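Undergrad: When you get a sec, could you give me coordinates for this:
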Amino acid sequence: MAAITPFGDYQFEFSGGALCLDFANTGPDQKAPETREEHLKSYADLLSWGVQSGELTIPDARKLQSAANHSAAKANAALRKGRELRQTVFDVFRAIAAQRAPTTGDLDVLNRYWKAASIHRAVAHAGGDFRRVWVMDESDELERPLWPVVASAEELLTSGEVGLVRECGADTCSWLFLDHSRNKSRRWCDMKTCGNRAKAKRYYEKAKS
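TA: Purely as a prediction, here's the structure:
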């Protein structure tokens, strides 16, 4: 589990198998909104998610928090974009999990975010190795936590793993995940939570009958 950060005390879950799916799982549940609350309530929460995911360093997050403190309007706009991106990612991959084609509108939104993020992609050389990095500038730096999410979505959509996307089979959970089980028959986002509840429900119904 990721460590709690200075930006928020909520412990995010990272069980989806892909960064974009983990991000899609941060909001109210799509099947039963009353069972899960919004976990991106503020820009600080967005930074906390970025740090816990390992895609944002604490020094960079502190720099972004300072920038957000100087421009609440821009921070709120970045948070709104984060929620829009999250819903789009969810809709795209939920359709794929149901073996449907994503809508053109959703792909257009995703491509718009990818176009905005990709201009910040760069290659750096350090310690004898090359690596991809994100380069911030003041014009839209507050959207920095979103860029790896878009990159993850683009990578998953164009990879051989896109066919492994599943939606949790529980009645009250719509979390998305990659099914890496041996026979590709995994039904639950997490056996310890939704899986155990389903088993307990079946046991109760069997005992009752």
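Undergrad: Now do the same for Phe130: helix, strand or coil?
TA: Secondary structure, DSSP: H, G, I helix; E, B strand; the rest coil: Phe130 is strand.
Undergrad: With adjacent residues omitted, what lies nearest to it?
TA: Nearest residue to Phe130 in three dimensions, chain neighbours excluded: Val123, at 5.7 Å (C-beta to C-beta, 6 or more residues apart in numbering). C-beta: built from backbone N, CA, C; applies to glycine.
Undergrad: quick one, strands of this protein?
TA: 121-126, 129-134, 165-167, 176-178 (DSSP state E).
Undergrad: of all these, which lies closest to Gly50?
TA: strand 129-134 (10.8 Å; C-beta to C-beta).
Undergrad: now the strands of the chain as JSON lines including mean neighbour count, mean pLDDT and distance to Ser185?
TA: Putting those into JSON lines (neighbours: other C-beta atoms under 10 Å; pLDDT from 0 to 100; distance: least, C-beta to C-beta, whole Å) gives the following:
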{"stretch": "strand 121-126", "mean neighbour count": "9", "mean pLDDT": "91", "distance to Ser185": "37"}
{"stretch": "strand 129-134", "mean neighbour count": "10", "mean pLDDT": "92", "distance to Ser185": "35"}
{"stretch": "strand 165-167", "mean neighbour count": "24", "mean pLDDT": "97", "distance to Ser185": "10"}
{"stretch": "strand 176-178", "mean neighbour count": "23", "mean pLDDT": "97", "distance to Ser185": "13"}
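Undergrad: mind listing what the residue nearest to Phe130 touches?
TA: Each residue near Val123 by C-beta atoms under 8 Å, 6 or more residues apart in numbering is listed here: Phe130, Arg131, Arg132, Val133.
Undergrad: Also Pro33?
TA: Counted by C-beta under 8 Å, 6+ apart, Pro33 has zero contacts.
Undergrad: Find me the pLDDT at the residue nearest to Glu84 when sequence neighbours are not counted, would you?
TA: What sits nearest to Glu84 in space, not counting adjacent residues and going by C-beta to C-beta, 6+ apart, is Val109, at 7.2 Å. Model confidence at Val109, given as pLDDT, is 98.
Undergrad: next one: Ala207
TA: pLDDT recorded at Ala207 is 47.
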